[in-house]
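Participant: Please work out how this folds:
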Amino acid sequence: MASKKIPPIRRIAINTGGGDAPGLNAVIRAATLSALRRGWEVYGIRRGYGSFLGGEPLVKLTNERVRGIAHLGGTILGSTNKGNPFEIHVKLPRARKKRLAAEIVVEELKKHKIDGLLAVGGDGSLRIAHKFHQMGLNVIGVPKTIDNDLCGTLCTFGFDTAVQTATEAIDKLHSTAQAHDRIMVVEVMGRYSGWIALHSGLASSSDAILIPEIPFEIDSVCRHLKKRAAGGRPYGIVCVAEGAAPKGHGMIYKNKNVKGREPILGGIGKWVAEQITRRTKLETRSLVLGHLQRGGSPTTYDRLLALRFGAAAVRLAAAGLWGHMVSYQPPAMGSVPLEDAIRDTKKVTVDCDTVLTGRDLGICFGD
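Facilitator: Next comes the predicted model:
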């Protein structure tokens, strides 16, 4: 039986969606150079799918355009985490009425004779990419999130840089905590998974680590800190993931009661600090690292991983594996169907070696 002939590729497009992550530019560079070497044309879509929805025009990606960008943070294409094209209607200039944005994107891709789309993003962006694939578009997903919460890949680029940033920040707080005999509560990103908090908290020798996967008892945390104080160390570091929650309380959101807005996690660090102060009388301060974890140049690990993701995405396209996401499966790059990658959120396993290591070191997880 003859093998199925793969239609030739002449032109592909790349877009970056969702929150930015260190390594995006390295992906763009690797994918562009890999495609150009195959004789393809490469175009970048500005700010998600904005180039097709009245935003900045497509940009042709050439050797010159992607030269010297691998070490830069952010993305030369811009990004957005607003305006799901399957949920919004837009009216373009000279159009008579508003239309579903997704329909316009499909038409524009076809009008520009784009043979395939490399969609770089997290779970939300990849869900959108999967829907476009279901509409008949050729799509390859590239996993991007500092939260490391995508299934089907060991890790995502941006995570290592975020952990490095958080670790360095917590390292600096140790000295001021000790100088003033204070408890410092540091809130880090991660959404509904505790990967950043676990890795940065452990690497920075935090005294307590609170993650969504292990609902905590605030009394347990306070007992641990009071025991340290009784032993002559009335200071310490509590690293808390933004999605961590005390038992029976639920996660804390910045905009819980705002109608029409997607809930945004935030505030658990302040809550924990207030509870520690009230229950232990130990002086406590809270700090939210926030978007610092998204910025800056990618670490060497993230830079190399992103380059590998970008090149692998082009290889998948060349092989006709549309509807798949690039997957890091050490020591090689592989792929998984997009529908499998977005099916669930990758969580920290509570009995994994990293958690067990933390427990052996005497770190409190609040349980």
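Participant: Counting neighbours, what do you get for the closest residue to Asp115 other than its chain neighbours?
Facilitator: Leaving aside its chain neighbours, Asp115 sits nearest to Ile9 (4.6 Å; criterion: C-beta to C-beta, 6 or more residues apart in numbering). In short, each C-beta sits where N, CA and C put it, glycine included. Using other C-beta atoms under 10 Å, Ile9 has 19 neighbouring residues.
Participant: what about Ile9, distance to Arg315?
Facilitator: 12 Å (C-beta to C-beta, to the nearest Å).
Participant: what is in contact with those two at once?
Facilitator: Where contact means C-beta atoms under 8 Å, 6 or more residues apart in numbering, no residue is in contact with each of Ile9 and Arg315.
Participant: tell me, how many neighbours does Asn63 end up with?
Facilitator: Residues contacting Asn63 under the criterion other C-beta under 10 Å number 10.
Participant: Quick one: residues contacting the residue lying closest to it once chain neighbours are set aside.
Facilitator: Distances taken as C-beta to C-beta, 6+ apart place Leu36 nearest to Asn63, at 6.6 Å, with adjacent residues excluded. By C-beta under 8 Å, 6+ apart, Leu36 lies in contact with 42, 62-63.
Participant: Sheet partners, orientation included, of the helix or strand of the chain with the lowest mean pLDDT?
Facilitator: Across the helices and strands of the chain, the lowest-confidence element by mean pLDDT, DSSP states H and E is strand 89-90, at a mean of 90. Partners of strand 89-90 in the sheet, by DSSP bridges, are strand 99-100 (antiparallel).
Participant: which residues are contacting the strand it pairs with?
Facilitator: Here strand 99-100 makes contact (C-beta under 8 Å, 6+ apart) with 85-86, 88-91.
Participant: Kindly provide the distance from the residue nearest to Asp115 to Trp195.
Facilitator: From Ile9 to Trp195 the distance is 35 Å (C-beta to C-beta).
Participant: follow-up on the earlier one: which ones among the contacts of Leu36 map onto strands?
Facilitator: Val42 (DSSP state E).
Participant: and which of the contacts of Leu36 is nearest to His224?
Facilitator: Lowest distance from His224 to the contacts of Leu36 (C-beta to C-beta) belongs to Val42, with 53.5 Å.
Participant: what's near enough to touch the closest residue to the closest one other than its chain neighbours?
Facilitator: The shortest distance from Val42 to any non-neighbouring residue, by C-beta to C-beta, 6+ apart, is to Leu61 (4.2 Å). Counting by C-beta under 8 Å, 6+ apart, Leu61 touches 14, 28, 32, 42-44.
Participant: I'd like the residues you listed laid out as TSV, including distance to Val240.
Facilitator: What follows is the contacts of Leu61, written out as TSV (distance: C-beta to C-beta, whole Å):
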residue	distance to Val240
Ile14	36
Ile28	34
Thr32	39
Val42	42
Tyr43	42
Gly44	37
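Participant: Tabulate the residues you listed in a markdown table, adding columns for pLDDT, distance to Glu242 and neighbour count.
Facilitator: What follows is the contacts of Leu61, written out as a markdown table (pLDDT from 0 to 100; distance: C-beta to C-beta, whole Å; neighbours: other C-beta atoms under 10 Å):
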| residue | pLDDT | distance to Glu242 | neighbour count |
| --- | --- | --- | --- |
| Ile14 | 98 | 30 | 27 |
| Ile28 | 98 | 28 | 28 |
| Thr32 | 98 | 34 | 26 |
| Val42 | 98 | 36 | 23 |
| Tyr43 | 98 | 36 | 20 |
| Gly44 | 98 | 31 | 24 |
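Participant: Farthest pair within those residues?
Facilitator: Spatially, the most separated pair among the contacts of Leu61 is Ile28 and Tyr43, at 11.4 Å (C-beta to C-beta).
Participant: got any residues that touch both of the two?
Facilitator: 14, 61.
Participant: how's this structure carved up into domains?
Facilitator: Taking automatic domain parsing as the reference, the chain has its domains at 11-157+298-341, 160-294.
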